[in-house]
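J.: Give me the fold of what follows.
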Amino acid sequence: MPTPTLTQAAPHTPELPRLFLPLMAVACGVAVANIYYMQPLLEQLARSFQTTVAGIAAIPTATQVGFACGLIGLGPLGDRHPRHRVILGMGAALVFMLLLVSAAPTIALLTLASLGVGLMASIAQQIVPLVAHLAPPQQRGRAVGLVMSGLLVGILGGRVVGGLVGQALGWRAVFALAALLNAASLAMLWRTLPRLPANDTSAPSYAHLVASTLGQFRKHAELRAAGVTGGLFFGAFSVFWVGLTPLLGSPAYGLGPAAAGLFGILGLSGALVAPVSGRHADHPGGPRRVLLVALVGVLASWALFALGSHGLVWLVLGVVVLDAGVQGAQIANQTRIYALDAASRSRINAVYMTQYFIGGAAGTYAASHAWALGGWPAVVFTGAAFSALALVLHATWNPSPASVV
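T.: This next block holds a predicted model:
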């Protein structure tokens, strides 16, 4: 697909090139998967450096911290500078950081390289606003939904690929393969991305740009509402995935970490709801309705998980419902926020996704302590509490009409 076709198009042409959206979905999935490769490899990694899992705990933490920093620190650059330059620069740096991870001789260097991987993996959150900018308004929800399905495949598939490749070839091979995948993605992006000017060249400095990013939170009530609910349902999502591994390893099942990784394949079914959610979100008032239905689904999944210690079938059904609900809710929220201010989409997205990952981190922390305190029933209670709070807030918190989609 030649670049000039899209380069010459205005931001709101009736049609995008046929393969553009699927390719952007692939690029997002390849980028975000880098954050999750390490999760099933911690025990192998600890043995490699002759330490314990606690001794290398800073490594996956650094990746998450890097991603959060990239959202706020690098996300706004897509509004101030041409997006294709930002995306290509970050993509090249990401390949270098992955090679550094695969060859790192010490825990300290591996931790630093993992921080860099997380920082540059936030390239995915440069691509989503680009797609929202290029898509016609009446098709924006569907376009974002398709690209977000690629993001979900990367989030869940990263665990599966990391576990399978790591078991067969070792953890270093996982990141060498990741570098090759991201290099191929970079080549595709170089050929495919439109060469469009920056949306907003008014910010006189980087510090002003970051301040403007934080100012989006104060400016848009719709962004605050979407961010809080997004953080809560992603927190519920994280509660499940953190609690699943010890449940499967308990006497109830006696399964290893690989089994938890394979549950990611079931979660990929959630990607199927993305186009449907996107189409409904494109209608007037659609985002709030889609979000309501999706949050009901997220809460309902915990009713299934409550029976999870009595049979795998309940976990299988629950994870399908949970991932479908989270995917639908995320698409609804992003459709809401991308309609707020076209010139500030990267900054708005950075603020939203930072709240989103703060909620995920809170869910991870809460789940680990819930399991220690009360096992699976405590995990279920914690996840249901996150889900119920998101649903209640959405039902009762309606931002001012001026900012409602």
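J.: name the helices or strands packed onto the helix or strand where Gln167 lies?
T.: Gln167 is part of helix 140-169 when elements are defined by DSSP states H and E. Using 3 or more C-beta pairs under 8 Å, 6 or more residues apart in numbering; DSSP states H and E, the elements in contact with helix 140-169 are helix 20-33, helix 124-134, helix 171-192, helix 257-267, helix 273-281, helix 312-338. Where you see a C-beta, it was placed from the backbone N, CA and C, and this is true even at glycine.
J.: what mean pLDDT does that helix have?
T.: Helix 140-169 shows a mean pLDDT of 81.
J.: now swap in stretch 330-338 and tell me
T.: 83.
J.: Restrict that stretch to CA atoms and write it as CSV.
T.: What follows is stretch 330-338, C-alpha atoms only, in CSV (Å, rounded to 0.1, in the frame of the first residue of the first chain):
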residue,chain,number,x,y,z
GLN,A,330,-12.3,0.5,26.3
ILE,A,331,-13.6,1.2,22.8
ALA,A,332,-16.6,3.2,24.2
ASN,A,333,-14.3,5.3,26.4
GLN,A,334,-11.8,6.0,23.6
THR,A,335,-14.6,7.0,21.2
ARG,A,336,-15.8,9.4,23.9
ILE,A,337,-12.4,11.1,24.5
TYR,A,338,-11.4,11.3,20.8
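J.: what's the nearest residue to Gly162 if we skip its chain neighbours?
T.: Of all residues not flanking Gly162 in the chain, Tyr37 sits nearest, at 3.8 Å (C-beta to C-beta, 6 or more residues apart in numbering).
J.: which SS class is Ala211?
T.: Applying DSSP: H, G, I helix; E, B strand; the rest coil to Ala211 yields a three-state assignment of helix.
J.: Look up how far Leu74 lies from it.
T.: 15 Å (C-beta to C-beta, to the nearest Å).
J.: Give me the neighbour count for the closest residue to Gly166 other than its chain neighbours.
T.: Distance criterion C-beta to C-beta, 6+ apart; nearest residue to Gly166, sequence neighbours excluded, is Leu41 at 4.6 Å. When neighbours are counted by other C-beta atoms under 10 Å, Leu41 registers 26.
J.: and Leu41, what pLDDT?
T.: Looking at Leu41, the pLDDT reads 74.
J.: Please report how far it lies from Gly254.
T.: Taking C-beta to C-beta, one finds Leu41 at 21 Å from Gly254.
J.: Check Leu214 too.
T.: 48 Å.
J.: who's more crowded, the two?
T.: Leu214 (15 against 9).
J.: Please tell me I have it right and the more buried one contacts Val351.
T.: Yes - at 7.3 Å, Leu214 counts as touching Val351 under the criterion of C-beta atoms under 8 Å.
J.: Which residue ranges make up each domain of the chain?
T.: 1-201, 208-405 (automatic domain parsing).
J.: what mean pLDDT would you report for stretch 20-31?
T.: 92.
J.: which of the residues in that stretch are buried?
T.: 20-21, 23-31 (16 or more other C-beta atoms under 10 Å).
J.: got it, and stretch 290-305?
T.: 290-291, 294-302, 304-305.
J.: Need the max-distance pair from the residues you listed.
T.: Val290 and Phe305 (22.9 Å; C-beta to C-beta).
J.: How far off centre is stretch 334-350?
T.: Relative to its parent chain, stretch 334-350 has a centroid offset of 16 Å by C-alpha atoms, centre = their mean, to the nearest Å.
J.: and the end-to-end length of that stretch?
T.: 11 Å (C-alpha to C-alpha, to the nearest Å).
J.: who touches the nearest residue to Pro60 once chain neighbours are set aside in this structure?
T.: Nearest residue to Pro60, sequence neighbours excluded (C-beta to C-beta, 6+ apart): Met38, at 4.8 Å. Residues counted as contacts of Met38 (C-beta atoms under 8 Å, 6 or more residues apart in numbering) are 45, 59-60, 63, 114, 162, 171.
J.: By neighbour count, which of those wins?
T.: Ser114 leads those on contacts (other C-beta under 10 Å) with 29 neighbours.
J.: Surely that residue touches Val101?
T.: Yes - judged on C-beta under 8 Å, Ser114 makes contact with Val101 at a distance of 6.2 Å.
J.: Give me the distance between Met23 and Leu315.
T.: Quick fix: residue 23 reads Leu, not Met. 34 Å.
J.: and what of Leu391?
T.: Counting by C-beta to C-beta, the gap from Leu391 to Leu315 is 22 Å.
J.: Mind listing what's buried along stretch 98-111?
T.: 98-102, 104, 107, 110-111.
J.: what sits up against it?
T.: So stretch 98-111 is in contact with 34, 49, 51, 55-56, 58-59, 62, 113-114, 116-117, 172-176, 178-179, 182, going by C-beta under 8 Å, 6+ apart.
J.: Where in this protein is the helix or strand with the lowest mean pLDDT?
T.: In the chain, no helix or strand scores lower on mean pLDDT, DSSP states H and E than helix 3-7, which sits at a mean of 42.
J.: residues in contact with the closest residue in space to Ala378 that isn't next to it in sequence?
T.: Of all residues not flanking Ala378 in the chain, Ala370 sits nearest, at 4.1 Å (C-beta to C-beta, 6+ apart). With contact taken as C-beta under 8 Å, 6+ apart, Ala370 is in contact with 239, 243, 378-379, 381-382.
J.: Repeat the analysis, applying 6 Å as the threshold.
T.: 378-379, 382 (C-beta atoms under 6 Å, 6 or more residues apart in numbering).
J.: Check the spacing between it and His310 real quick.
T.: Taken as C-beta to C-beta, the span from Ala370 to His310 is 19 Å.
J.: What of Leu152?
T.: Distance of Leu152 to His310, given as C-beta to C-beta: 28 Å.
J.: and those two? which has more neighbours close in?
T.: When neighbours are counted by other C-beta under 10 Å, Leu152 and His310 differ, and Leu152 comes out ahead with 27 against 10.
J.: Gln327 is in contact with that one, correct?
T.: Yes - using C-beta atoms under 6 Å, Leu152 makes contact with Gln327 at a distance of 5.5 Å.
J.: now the angle between helix 124-134 and the helix holding Gln167, please.
T.: Per axes from the mean of the first three to the mean of the last three C-alpha atoms, to 10 degrees, the angle that helix 140-169 makes with helix 124-134 is 150 degrees.
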